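[1] sequence and predicted structure are below.
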Amino acid sequence: MAPEQVESEDELDHATKKSDIFSYGRTLFELVTGTVPFAKVKNQALIPGYVASGQEEPLPDDCPVALRTVIHLCLFKKPEDRPSIDKVIKLLEADSQDQVDQSANQNNNDDLNIISGYLSNLATMSNK
């Protein structure tokens with residue numbers, strides 16, 4: 001539930017695209033951490049106050065930077081500061097393409113190393 005929904009007497013009054021973006025950020029958080037938000041809080045009655053204040057929980061160190069950025073943007077306290085879904089998609093697609101490019105470069109380097117090793121072995125064998 002987004003902070004503006006927690007602060008409202010009728011949470012449905014504040015169900016908007018921006019509150020959906022907040023929920024998407026929380027869902028990503030759960031996927032990355034494997035836990036629900038504020039899982040370590042013993043007194044569950046305190047959680048709405050944490051949400052309303054915009055308090056964030058840490059993400060694991062191994063969370064990819066782009067995903068970390070998207071999560072943080074989605075969880076901004078003020079709805080107007082959160083990105084549109086189009087912006088979220090663009091950020092995730094750009095990161096996905098970067099990972100594909102990096103993987104392709106790594107595969108090309110691996111292929112070149114294999115070919116280089118093969119040619120080196122051929123050269124060694126022909127010198128014998």
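    Sure, I can see it.
[2] who touches the helix or strand where residue 71 lies?
    Assessed by DSSP states H and E, residue 71 sits inside helix 65-74. Here helix 65-74 makes contact (CB atoms under 8 Å, 6 or more residues apart in numbering) with 21-22, 24-26, 28-29, 32, 56, 59, 63, 82-83, 87-88, 91-92, 94-95, 98. Using the backbone N, CA and C atoms, a C-beta is placed for each residue, glycine as well.
[3] narrow these to those in helices?
    21-22, 24-26, 28-29, 32, 87-88, 91-92, 94-95, 98 (DSSP state H).
[4] got the domain boundaries for this protein?
    The chain resolves into domains spanning 1-83, 85-128 when parsed by automatic domain parsing.
[5] so what's the residue count around residue 5?
    21 (other CB atoms under 10 Å).
[6] just to revisit the earlier point, worst average pLDDT in the domains of the chain?
    Ranked on mean pLDDT, the bottom entry among the domains of the chain is domain 85-128, at a mean of 66.
[7] many thanks, have a good one.
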